[in-house]
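J.: Fold the following, please.
(one chain, ligands or ions: 1)
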Amino acid sequence: MRAFVLTAPREYAVQEIPVPVAAPGEAIIDVERVGVCGTDVEFFNGEMAYLQEGHARFPIRLGHEWCGTVSRVGDGVDPTWIGRRVMGDTMLGDGVCRRCRRGHHHVCAQRQEVGVRGGRAGALADKLAVPATSLHLLPDTVDPVLGALVEPGGNSLRAARAARVGLGHRLLVLGPGTIGLLVAMFARAAGAEVHLLGLSQESLDFAHSLGFDHVWTEADLPGLPFDAVVDASNAAALPARALDLVEPAGRVVYIGLAGAPSRIDTRALALKDVTAVGILSASPGLDETIAAYATGEVDPRPLVAATIGLDQVGLALAGERPAGAGPGPKIHVDPRLT
Ligand SMILES: [Zn+2]
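T.: Numbering: from 1, shown residues only. So this is what the prediction gives:
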């Protein structure tokens, strides 16, 4: 089968490799769709922190936002999984430690992350092997595009829920990328008045095209009371800015990661009586995201700008827009395309 492999920073190949065999407890997925995300770009550039920390090394096969159909299962796995459409949790805890036993497998110290950490190959290939315990069923109303958007959606749903906004509340989202726009969609579905702050007019125009009327740059951001602020940017200064902008007794949610330390002053946090929440991973939000997509409560499909084959992934990671790409921030890969 074919697989996209990063062999070193900015070096890659589409390789012909053996089809994976289902180990005990694992399922083999025929991959339908894979999202390319900022983490993948950090690997491409060699900047991803896990590379420095020893949690990941080249060569690496990326791909952690995926969906597909189960084609084989290993020993100990219910064979009725075969033929089911699924997506999978990126986070694979060891299942035995204190954190895993408490339901926090997404922060297991020994965890693998599919396509990210611990040598667990990702979905940028014809087929993917994952533990059956990481699978989540997709209903028929969740098509392959939505299926590959469940993982970023789960992160975003958790951020939107952590902001605790609904009818009568005003939310500001910093950073109108995929995660920021998804947070905005989930918060809007919950009834909140959603504002977005961005840098480029193109990204703000795109947010506006999704029905968000309150889109701003720093130059024109109105001095409104924001009940919650979500930082979904990669700017080191914005976590502190979020704390400046939020109303006293409000909530700040940190889901974006900067390439440099992004500090806040806890005196401001205490004196404003603000609650701060950090979000890593989609895991506890996956099922609720699938349900929101299945009912059409949230439909993020316009975020996908283009769907490319494995041969175009390297150029996409290098920042090149595929020919004919739409204005959305997300690139999808269909390994079956040549
Ligand atoms: Zn664990």
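
J.: For this structure, what lies in contact range of the ion?
T.: By Cβ under 5 Å from the ion, the residues of the chain that approach the ion are 93-94, 97, 100, 108. Bear in mind the C-beta positions are built from the backbone N, C-alpha and C, glycine included.

J.: Determine which two of these are furthest apart.
T.: For these, with distances taken as Cβ to Cβ, the pair at the greatest spread is Gly93 and Cys97 (7.2 Å).

J.: Are any of the residues of the chain next to the ion buried, and if so which?
T.: Buried residues within the residues of the chain next to the ion, counting neighbours by 16 or more other Cβ atoms under 10 Å: 93, 97, 100, 108.

J.: Once you drop chain neighbours, what's closest to the last one?
T.: Right, Cys108. In space, not counting the residues next to it along the chain, Cys108 is nearest to Gly93; the distance is 3.4 Å by Cβ to Cβ, 6 or more residues apart in numbering.

J.: and what of the second one?
T.: Counting by Cβ to Cβ, 6+ apart, the nearest residue to Cys97 once its immediate chain neighbours are dropped is Cys108, at 5.8 Å.

J.: repeat for Asp265
T.: Using Cβ to Cβ, 6+ apart and skipping the chain neighbours, the partner closest in space to Asp265 is Ala240 (6.8 Å).

J.: Going by contacts, tell me the helices and strands next to the helix or strand where the one you found lies.
T.: Using DSSP states H and E, Ala240 falls within helix 238-245. Packed against helix 238-245, as judged by 3 or more Cβ pairs under 8 Å, 6 or more residues apart in numbering; DSSP states H and E, are the following elements: strand 170-174, strand 226-231, strand 246-254, helix 266-271.

J.: Mind checking those for the one nearest to Arg161?
T.: Proximity to Arg161, assessed across the helices and strands packed on helix 238-245 by Cβ to Cβ, is greatest for strand 246-254 (9.1 Å).

J.: From the buried ones among the residues of the chain next to the ion, which land in strands?
T.: Taking DSSP state E, every one of those sits outside strands.

J.: surely Pro59 meets Ala3?
T.: No - the pair formed by Pro59 and Ala3 falls short of the contact definition of Cβ atoms under 8 Å, at 10.1 Å.

J.: So which of those two has more stuff around it?
T.: Set Pro59 next to Ala3 and count neighbours by other Cβ atoms under 10 Å: Ala3 wins out with 24 against 13.

J.: re the thing from before, gap between the residue nearest to Asp265 and the ion?
T.: Using Cβ to the ion, to the nearest Å, one gets 33 Å for the distance from Ala240 to the ion.

J.: How many residues are close by the residue lying closest to Leu167 once chain neighbours are set aside?
T.: Once flanking residues are discounted, Leu167 sits nearest to Gly191: 3.6 Å by Cβ to Cβ, 6+ apart. Burial measure for Gly191: 12 neighbouring residues, criterion other Cβ under 10 Å.

J.: Am I right that Gly191 is in a helix?
T.: No - note on Gly191: no helix contains this position according to DSSP: H, G, I helix; E, B strand; the rest coil, which reports coil.

J.: What score does it have for pLDDT?
T.: Per-residue pLDDT puts Gly191 at 98.

J.: quick one: contacts for it?
T.: 166-169 (Cβ atoms under 8 Å, 6 or more residues apart in numbering).

J.: out of these, which is most surrounded?
T.: Tallying neighbours with other Cβ under 10 Å puts His169 at the head of those, with 20 neighbours.

J.: doesn't Ala192 make contact with that residue?
T.: Yes - taking contacts as Cβ under 8 Å, His169 lies within contact range of Ala192: 4.8 Å.
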